[in-house]
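J.: model this:
(chains A and B)
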Protein chains: 2
Amino acid sequence: MTLPELELYRELIEENLDRLLPPEDMIPRSIHRSIRYSACGGGKRLRGILCLLACEAVGGGREKALPASCALEMVHAYSLIHDDLPCMDDDDLRRGKPTNHLVFGEAIALLAGDALLTAAIKVMATKAPAGMEELYRQALVEMITAVDTEGMIGGQVLDLEAEGKDVTLEELMEIHRKKTGALITAALRMGGIIGRGDKKQLAALTEYGRSFGLAFQIGDDLLDCVGDAKKMGKKAGSDRKKNKATYPALLGIEESRRFLRLEVDKAKEALAPLGERAALLSKLADYLVGREC
Amino acid sequence: MTLPELELYRELIEENLDRLLPPEDMIPRSIHRSIRYSACGGGKRLRGILCLLACEAVGGGREKALPASCALEMVHAYSLIHDDLPCMDDDDLRRGKPTNHLVFGEAIALLAGDALLTAAIKVMATKAPAGMEELYRQALVEMITAVDTEGMIGGQVLDLEAEGKDVTLEELMEIHRKKTGALITAALRMGGIIGRGDKKQLAALTEYGRSFGLAFQIGDDLLDCVGDAKKMGKKAGSDRKKNKATYPALLGIEESRRFLRLEVDKAKEALAPLGERAALLSKLADYLVGREC
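T.: Model (predicted):
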């Protein structure tokens, strides 16, 4: 994220991630180095930031949601390591660095992904602020449901099975809703739950999350299509090269941009019940339009 | 397990696993078939049974621990799928059937492992009997700690790094304590916690678990060394073929048998504070000696 208002949030998450993960020199060193290689010092921290902003948007203190934010970033890092493995997307670059398995080998990368999911659960089960254990249990249910076979894992399977096939717009949206959208929406709901948001506020965050997640994905596809490698940390055009379905491929670039703007507007409208406290969430949605696409 | 008294426990676990896992025909079908291929209809259900027996041994009703038992079996199945992958142990046979990745491909097998860990957490976070949510949170902490980088994952790393090297008895015990022992001890502690066991009872279960886990591993190594493929569902001598360190290789067969008997005796002695209610745990320890070794 390059929104300057969010730098503070990003730093909070980085610091806490560093504190919550096992130290690099812990035995066996290989796995702990591998975990930190992928989980620390990089990335937009989008899911963690959304969780903190949602907590504030319902009137909660962001520090209450900080452990959950870090858990979300651990889950995200786990999914990227496994997604990059040779038997999955077989990617060489991630955030401008060689992927985990290229540095540590496939076995350690596989286990580092497993360990990051494990660490995320342990944070959710042990790091709730005093008196918030039940809220953290509810937040854990949101998180774990977002990454099960009806969520992220299901989306990864659909994505694998769609490779090389003609995919309709509806199918593409279904893949993304599961593969990336579910965890983004869960991040917002987790923040809302931890901030003791009411039903109406949670519904607003959910609606925002759905449109934000879709807009985010369209933006990513556009970046891959028209952006350059440096801005993305991976090679531009890599989706097309792999023959992956994308919004620009299905709709064209102009129509994809229109679609993106429409979803950003819907995301911002969904925030109405949250009032002024959701100003940063609104700004973050606008930022998606402003990215280099 | 071929102890007839435990058949009822095994059936309870099988039935509940079947109920708790997503149906095979759920979309995407490939992943749900793959999950059930490894998690249902087979295996000794040792970890699940230990959890139920521990709950009863502290005076709890076994049905209270049934969701936790199933979660343990899901975690065990996840670990086996990932352990069998080509980048790990590269095994072809498991319980007499082709391993998951040979049937469903590496990508789906990887994700099925991920999904089983995910499903186990969801069970722990959502299926506690009414009023037992906090006990289930504590049990979840036991389970997740047993499989993190200080437990099972750490043991898998040490195991990988020991391949082809000379390993001392102490190093071998450390690998097994983490790789298989930690989850066995956790299973017992989880049952004890859910059954509202006191500190002394939990300490007894922990001590039993440590010796039982060690005896179980020595027995497995002996079976691999002297057993036949039919009894084990994998090829006898496969450890030796892979040049893996084992107790018989380090101590000889007779000394390994003595070691096994010693640990079984220690396990049974540890049960003293639990009295008559731990009779089945005691019998189960004896059974380890009686296996074909």
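J.: For the stretch 101-250 of chain A, which segments count as helices?
T.: Taking DSSP state H, counting those that start in this stretch as the test, the helices found in the stretch 101-250 of chain A are A:106-126, A:133-146, A:152-162, A:169-176, A:182-194, A:199-226, A:229-232, A:238-241, A:247-251.
J.: Comparing those, which comes out most buried?
T.: helix A:182-194 (a mean of 29; mean count of other C-beta atoms under 10 Å in any protein chain shown). Where C-beta positions appear, they are placed from N, C-alpha and C, glycine not excepted.
J.: hmm, that helix touching chain B?
T.: No - Helix A:182-194 lies out of reach of chain B by C-beta under 8 Å from any C-beta of the partner chain, never closer than 12.1 Å.
J.: Quick one: list the elements packing against that helix.
T.: Using 3 or more C-beta pairs under 8 Å, 6 or more residues apart in numbering or on different chains; DSSP states H and E, the elements in contact with helix A:182-194 are helix A:46-57, helix A:66-84, helix A:133-146, helix A:152-162, helix A:199-226.
J.: who wins for proximity to B:Ala203 among the ones you listed?
T.: helix A:133-146 (24.7 Å; C-beta to C-beta).
J.: And that closest one, how far out from the chain middle?
T.: Between the mean C-alpha location of helix A:133-146 and the chain-wide mean there is a distance of 16 Å, by C-alpha atoms, centre = their mean, to the nearest Å.
J.: what comes into contact with that helix?
T.: A:67-68, A:71-72, A:75, A:120-121, A:124-125, A:127-128, A:151-152, A:182-183, A:185-186, A:189-190, A:193-194, A:196, B:118, B:121-122, B:125-126, B:133-134, B:137 (C-beta atoms under 8 Å, 6 or more residues apart in numbering or on different chains).
J.: Over to stretch A:113-123?
T.: By C-beta under 8 Å, 6+ apart, stretch A:113-123 touches A:20-22, A:31, A:35, A:38-39, A:67-68, A:70-72, A:74-75, A:77-79, A:81-82, A:100, A:140, A:143-144, A:147, B:82, B:113-114, B:117-118, B:121, B:140-141, B:144-145, B:147-149, B:153.
J.: what is the rounded mean pLDDT of stretch A:215-233?
T.: Mean pLDDT, computed over stretch A:215-233, is 77.
J.: and A:Met74, what is it in contact with?
T.: Listed by C-beta under 8 Å, 6+ apart, the contact set of A:Met74 reads A:Leu17, A:Leu21, A:Ala39, A:Leu116, A:Leu117, A:Ala119, A:Ala120, A:Val123.
J.: A:Lys127 too?
T.: The contact partners of A:Lys127, taken as C-beta under 8 Å, 6+ apart, are A:Leu20, A:Pro67, A:Tyr136.
J.: Please list the residues of the stretch 101-250 of chain A that sit near chain B.
T.: Residues of the stretch 101-250 of chain A lying near chain B (C-beta under 8 Å from any C-beta): A:105-108, A:110-111, A:113-115, A:117-119, A:121-122, A:125-126, A:133-134, A:137, A:140-141, A:144-145, A:147-150, A:153-154, A:156-158, A:160-161.
J.: tell me the pLDDT at the most centrally placed residue in chain A?
T.: Closest to where the C-alpha atoms of chain A average out (C-alpha atoms, centre = their mean) is A:Arg47, at 4.5 Å. The model reports A:Arg47 with a pLDDT of 98.
J.: Next: A:Leu288.
T.: 86.
J.: residues touching it, list them.
T.: A:Phe212, A:Ala215, A:Phe216, A:Gly219, A:Leu260, A:Val264.
J.: Distance-wise, check it relative to B:Arg33.
T.: Separation of A:Leu288 from B:Arg33 (C-beta to C-beta, to the nearest Å): 38 Å.
J.: swap in A:Ala119?
T.: Counting by C-beta to C-beta, the gap from A:Ala119 to B:Arg33 is 29 Å.
J.: try A:Gln138
T.: The value you get for A:Gln138 to B:Arg33, if C-beta to C-beta is used, is 31 Å.
J.: I'd guess A:Ala22 is in a helix, am I close?
T.: Just so we're on the same page, residue A:22 is Pro rather than Ala. No - A:Pro22 is assigned coil when assessed by DSSP: H, G, I helix; E, B strand; the rest coil, not a helix.
J.: does it really touch B:Gly151, like I thought?
T.: No - between A:Pro22 and B:Gly151 there is no contact under C-beta atoms under 8 Å: 11.9 Å.
J.: Comparing the two, which shows the higher neighbour count?
T.: Neighbours of A:Pro22 and B:Gly151, each counted by other C-beta atoms under 10 Å in any protein chain shown, are more numerous for B:Gly151; the result is 23 against 17.
J.: how far away is that one from B:Leu172?
T.: B:Gly151 is 17 Å from B:Leu172, by C-beta to C-beta.
J.: so where's the stretch 101-250 of chain A shaky on pLDDT?
T.: The stretch 101-250 of chain A contains residues with pLDDT under 70 at A:227-242.
J.: residue in it nearest to chain B?
T.: A:Glu106 (3.6 Å; C-beta to the nearest C-beta).
J.: contacting residues around that residue?
T.: A:Leu85, A:Pro86, B:Cys87.
J.: who touches the residue nearest to A:Gly48 when sequence neighbours are not counted in this structure?
T.: Among residues not flanking A:Gly48 along the chain, A:Ser69 sits closest, at 3.6 Å (C-beta to C-beta, 6 or more residues apart in numbering or on different chains). Shown in contact with A:Ser69 (C-beta under 8 Å, 6+ apart): A:Leu12, A:Ile13, A:Asn16, A:Arg45, A:Arg47, A:Gly48, A:Ile49, A:Cys51, A:Leu52, A:Ala187, A:Gly191.
J.: now do 10 Å
T.: A:9, A:12-13, A:16-17, A:45, A:47-55, A:62, A:123, A:187, A:190-191, A:194 (C-beta atoms under 10 Å, 6 or more residues apart in numbering or on different chains).
J.: again, but for A:Ala182
T.: A:142-143, A:145-148, A:150-155, A:176, A:209-210, A:213.
J.: swap the cut-off to 7 Å and go again
T.: A:Ala182 makes contact with A:Ala146, A:Gly151, A:Met152, according to C-beta atoms under 7 Å, 6 or more residues apart in numbering or on different chains.
J.: Next, work out how far apart the closest residue in space to the second one that isn't next to it in sequence and A:Cys87 are.
T.: Right, the one you point to is A:Gly151. Nearest residue to A:Gly151, sequence neighbours excluded (C-beta to C-beta, 6+ apart): A:Ala182, at 3.8 Å. According to C-beta to C-beta, A:Ala182 stands 23 Å off from A:Cys87.
J.: same check, this time on A:Asp220
T.: From A:Asp220 to A:Cys87 the distance is 23 Å (C-beta to C-beta).
J.: And A:Gly131, by the same measure?
T.: 44 Å.
J.: Same check on A:Arg196?
T.: The separation that A:Arg196 has from A:Cys87, given C-beta to C-beta, amounts to 43 Å.
J.: How about A:Val264?
T.: Counting by C-beta to C-beta, the gap from A:Val264 to A:Cys87 is 36 Å.
J.: Could you check which of these two has the larger neighbour count?
T.: Between A:Val264 and A:Cys87, counted using other C-beta under 10 Å, A:Val264 has the larger neighbour count: 25 against 20.
J.: Is that one in contact with A:Phe216, as I believe?
T.: No - contact status for A:Val264 versus A:Phe216: not in contact, 9.6 Å apart, counting by C-beta atoms under 7 Å.
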